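A.B. asks: structural data only, the sequence is not supplied:
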Ligand SMILES: C[S@@+](CC[C@H](N)C(=O)[O-])C[C@H]1O[C@@H](n2cnc3c(N)ncnc32)[C@H](O)[C@@H]1O
């Protein structure tokens, strides 16, 4: 099911002081956005903001970039964040909501952007063979993230989807990441702190086990080219595939 169009989304985002519409304007200088030198963590596909609102309060000394492709999602996230921070009497000074297609993330980030950590929460599983390369954990994506993720930086990836999780393991290996932590039952593991997302609550209520891994960026030899994944079939002309987000 797709999220309904919200007439108020764009007008509210337009006046939101922590919303960034043109991410490419900050390419190579994301450290200037918050006006301090604190580490920057990015959430890719933030949806309705349930994760970042908790994470940003738990880690006030981290700057958070919460990105999504859909303005409707970002607008809901804006409301979630504003309401929660206001209710607690907190100032929103360590979150930016960023409009960005993650498949083209290197239009907005480069090697001068030393991002410390990336969170990918419940990205679309894209189960059909010809769509797999659109997964936000695909080798093609991970190699892009390497350009702006600090050496030794981490990717925290969680999903309910068994196939996406298992097939992502070689993607991480082929992209020069080592696995520091892995669990196929997050809610019965010692990973902490865990901030439940909207999709995580929904899937765990259905009895699905949540999977999580923490991958660390390792060095790769100069000129390294990852092997082609078996699923790297070209998308058919103008093919969009199905977006499974609500
Ligand atoms: C299944 S939802 C998960 C939302 C949230 N992370 C959660 O766990 O509840 C996937 C989110 O990723 C966003 N998304 C999908 N493809 C994207 C892309 N290429 N670039 C940016 N965001 C994307 C969708 O708009 C949606 O908000």
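C.D. replies: In hand now; what should we look at? Only a predicted model underlies this, so the values are computations on that prediction, with no experimental measurement involved.

A.B. asks: could you use CA atoms for every contact and neighbour count after this?
C.D. replies: Noted.

A.B. asks: in terms of helices and strands, where is residue 201?
C.D. replies: helix 198-205 (DSSP states H and E).

A.B. asks: buried stuff in that helix?
C.D. replies: 198, 199, 200, 203 (16 or more other C-alpha atoms under 10 Å).

A.B. asks: that one vs the ligand: in contact?
C.D. replies: Yes. Counting by C-alpha under 6 Å from any ligand atom, the ligand has neighbours in helix 198-205: 198, 199, 200.

A.B. asks: my read: the second one touches residue 123, true?
C.D. replies: I take that to be residue 199. No. Residue 199 is beyond contact range of residue 123, at 9.6 Å (criterion: C-alpha atoms under 8 Å).

A.B. asks: re earlier: can you add distance to residue 104 and pLDDT and give the residues of helix 198-205 next to the ligand back as JSON lines?
C.D. replies: Below are the residues of helix 198-205 next to the ligand laid out as JSON lines (distance: C-alpha to C-alpha, whole Å; pLDDT from 0 to 100):
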{"residue": "198", "distance to residue 104": "25", "pLDDT": "98"}
{"residue": "199", "distance to residue 104": "24", "pLDDT": "98"}
{"residue": "200", "distance to residue 104": "26", "pLDDT": "98"}
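
A.B. asks: off-centre distance for stretch 158-178?
C.D. replies: Put simply, stretch 158-178 sits 14 Å off its chain's centre (C-alpha atoms, centre = their mean, to the nearest Å).

A.B. asks: actually stretch 8-28, sorry about that
C.D. replies: For stretch 8-28, the distance to the chain centre is 17 Å (C-alpha atoms, centre = their mean).

A.B. asks: now do the buried residues in that stretch.
C.D. replies: Using 16+ other C-alpha under 10 Å as the test for burial, stretch 8-28 gives 9, 13, 18, 19, 20, 23, 24, 26, 27, 28.

A.B. asks: which other residues reach it?
C.D. replies: Contacts with stretch 8-28, where a contact means C-alpha atoms under 8 Å, 6 or more residues apart in numbering, come from 33, 71-72, 74-76, 78, 92, 95-100, 107-113.

A.B. asks: roughly how far apart are residue 54 and residue 133?
C.D. replies: 30 Å (C-alpha to C-alpha, to the nearest Å).

A.B. asks: contacting residues around the most centrally placed residue in the chain?
C.D. replies: With distances taken as C-alpha atoms, centre = their mean, residue 44 lies nearest the centre of the chain, 1.7 Å away. Applying C-alpha under 8 Å, 6+ apart to residue 44 gives the contacts 66, 67, 68, 102, 118, 119, 120, 121.

A.B. asks: okay if I get those residues as a markdown table plus neighbour count, secondary structure and distance to residue 150?
C.D. replies: As requested, these are exported to a markdown table (neighbours: other C-alpha atoms under 10 Å; DSSP: H, G, I helix; E, B strand; the rest coil; distance: C-alpha to C-alpha, whole Å):
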| residue | neighbour count | secondary structure | distance to residue 150 |
| --- | --- | --- | --- |
| 66 | 27 | strand | 18 |
| 67 | 25 | strand | 18 |
| 68 | 23 | strand | 21 |
| 102 | 20 | helix | 18 |
| 118 | 23 | strand | 10 |
| 119 | 20 | strand | 14 |
| 120 | 18 | strand | 16 |
| 121 | 24 | strand | 20 |
